[in-house]
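Asks: sequence plus the predicted model coming up.
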Amino acid sequence: MRGEDIILDLDTPETSGFGKFEPPPVVMETEEEEEPEDESTDFISSRELRRGRLSHDEIRKLSVFKNYAAGEPNCRLYIKNVAKQTEEKDLRFIYGRYINFEDDIQKEMFDIRLMKEGRMKGQAFIGLPSEKVAQKAVRETNGFELNGKPLVVQFARSAKPKEKADSKTQGKDRTGKKS
């Protein structure tokens, strides 16, 4: 290099210290947010549940909600307006979110009875572990559209106790003969 001195600037970012520090690239968020880690994919998310529910105004306009009353709180739910194609697994997907399946007692108390024929067709009963959980389920699932029909969710009434037979029919069969 014919006597020319090469001058190196050793204090440039490329040659000094540990190099450049830059903030990490910003990742553009999509409309779909990730599910929180604590929510299982085995059951519906709270976001999907909210998205699938009708608004209070829409609920008031539908005849299936005419005279709607949630009823007296208890551990058992009564669901009507269930679509024909609905299966037990669909209800488990929705109501399973209210159960801690690691708790044997809760798992044992969780019960689904879907009526598919007869005069009870289009109705279901769901057993939940506590009144508090049942109240939350009614609030969050009433008006949820499942298979194109909004669910009407209420607290189940307890079965009416059978009346005691009066003295005239005691000890007789249905035909009136002594048994």
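Replies: Okay, I see it. Numbers count the residues shown, from 1 in each chain.

Asks: do a quick rundown of the strands in the chain.
Replies: 76-80, 111-115, 123-127, 145-146, 149-150, 152-155 (DSSP state E).

Asks: I'd like these as TSV, with mean neighbour count appended.
Replies: From N, CA and C alone the C-beta is placed, and that goes for glycine too. Shown next, in TSV, are the strands of the chain (neighbours: other C-beta atoms under 10 Å):
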stretch	mean neighbour count
strand 76-80	21
strand 111-115	16
strand 123-127	19
strand 145-146	17
strand 149-150	18
strand 152-155	20
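
Asks: distance to residue 67 and mean pLDDT added to those, as TSV?
Replies: Shown next, in TSV, are the strands of the chain (distance: least, C-beta to C-beta, whole Å; pLDDT from 0 to 100):
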stretch	distance to residue 67	mean pLDDT
strand 76-80	12	94
strand 111-115	21	92
strand 123-127	17	94
strand 145-146	21	93
strand 149-150	15	94
strand 152-155	11	94
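
Asks: can I get the ones you listed in JSON lines including distance to residue 63?
Replies: Converted to JSON lines, these look like this (distance: least, C-beta to C-beta, whole Å):
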{"stretch": "strand 76-80", "distance to residue 63": "12"}
{"stretch": "strand 111-115", "distance to residue 63": "21"}
{"stretch": "strand 123-127", "distance to residue 63": "17"}
{"stretch": "strand 145-146", "distance to residue 63": "16"}
{"stretch": "strand 149-150", "distance to residue 63": "11"}
{"stretch": "strand 152-155", "distance to residue 63": "11"}
